[in-house]
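# give me coordinates for this.
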Amino acid sequence: MMKSHTEYLSFNTARRREYINITDRVEEALAESGVAEGLILVSAMHITAAVYVNDDESGLIQDIDEWLDKLAPQGPDYRHHRTGEDNGDAHLKNLLIHSQVLLPVTKGRMDLGPWQQVYYAEFDGRRKKRVIVKIIGE
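So this is what the prediction gives:
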């Protein structure tokens, strides 16, 4: 019989940009779900944040941050700023990394490669944000 489980993860980062490994939290949600075979959707519920899968290596995380800042630097006079906002770069960074990932579940475990970890990327932090973890399967 098909099961469904939903969990919300909350974040309130100290800095405007942060990269948080949430693999353990997603694994905990999977354990609570009782799903052995299925899928996990992990999705940022904000348009200035992202979710991605990659290596948990500090140099790579710095490289990702610098790469994103080159493509969508903080500070320029984005048209979005004419609305009174100052986070145009955060919206563009979200588009580059994407807001969600879909993960396979096999034999009750996330079926990830040897170095793959799930990350929450915050680009306009210092306030409460959420991620939804939606698990479906048998």
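# report the rounded mean pLDDT for the helix ranked longest in the chain.
Identified as the longest helix of the chain according to DSSP state H is helix 58-71. Helix 58-71 comes out with an average pLDDT of 98.
# show me what it is packed against.
strand 18-21, helix 88-97 (3 or more Cβ pairs under 8 Å, 6 or more residues apart in numbering; DSSP states H and E). C-betas here are computed from N, CA, C, even on glycine.
# okay, now residue 56: neighbour count?
Residues near residue 56, counting by other Cβ atoms under 10 Å, number 14.
# so it, which state does it fall into?
Following DSSP: H, G, I helix; E, B strand; the rest coil, residue 56 is assigned to coil.
# which of the helices and strands packed on helix 58-71 sits most buried?
Highest mean neighbour count of the helices and strands packed on helix 58-71: helix 88-97, a mean of 20 (counted as mean count of other Cβ atoms under 10 Å).
# so what strands line up beside the next helix or strand after that helix?
Scanning forward in sequence from helix 88-97 by DSSP states H and E, the next helix or strand is strand 100-106. Sheet pairing here is set by DSSP bridges, and for strand 100-106 it gives strand 38-44 (antiparallel), strand 109-110 (antiparallel).
# tell me which of these sits nearest to residue 16.
The closest of the strands paired with strand 100-106 to residue 16 is strand 38-44. By Cβ to Cβ, the value is 15.4 Å.
# what's the spacing between that closest one and its chain's center?
The gap between where strand 38-44 is centred and where its chain is centred comes out at 10 Å by Cα atoms, centre = their mean, to the nearest Å.
# any idea of the mean pLDDT in it?
98.
# got the angle for it vs helix 88-97?
160 degrees (axes from the mean of the first three to the mean of the last three Cα atoms, to 10 degrees).
# now the helices and strands packed on helix 58-71 as a markdown table including distance to residue 71 and mean pLDDT?
Below are the helices and strands packed on helix 58-71 laid out as a markdown table (distance: least, Cβ to Cβ, whole Å; pLDDT from 0 to 100):
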| stretch | distance to residue 71 | mean pLDDT |
| --- | --- | --- |
| strand 18-21 | 16 | 98 |
| helix 88-97 | 6 | 97 |
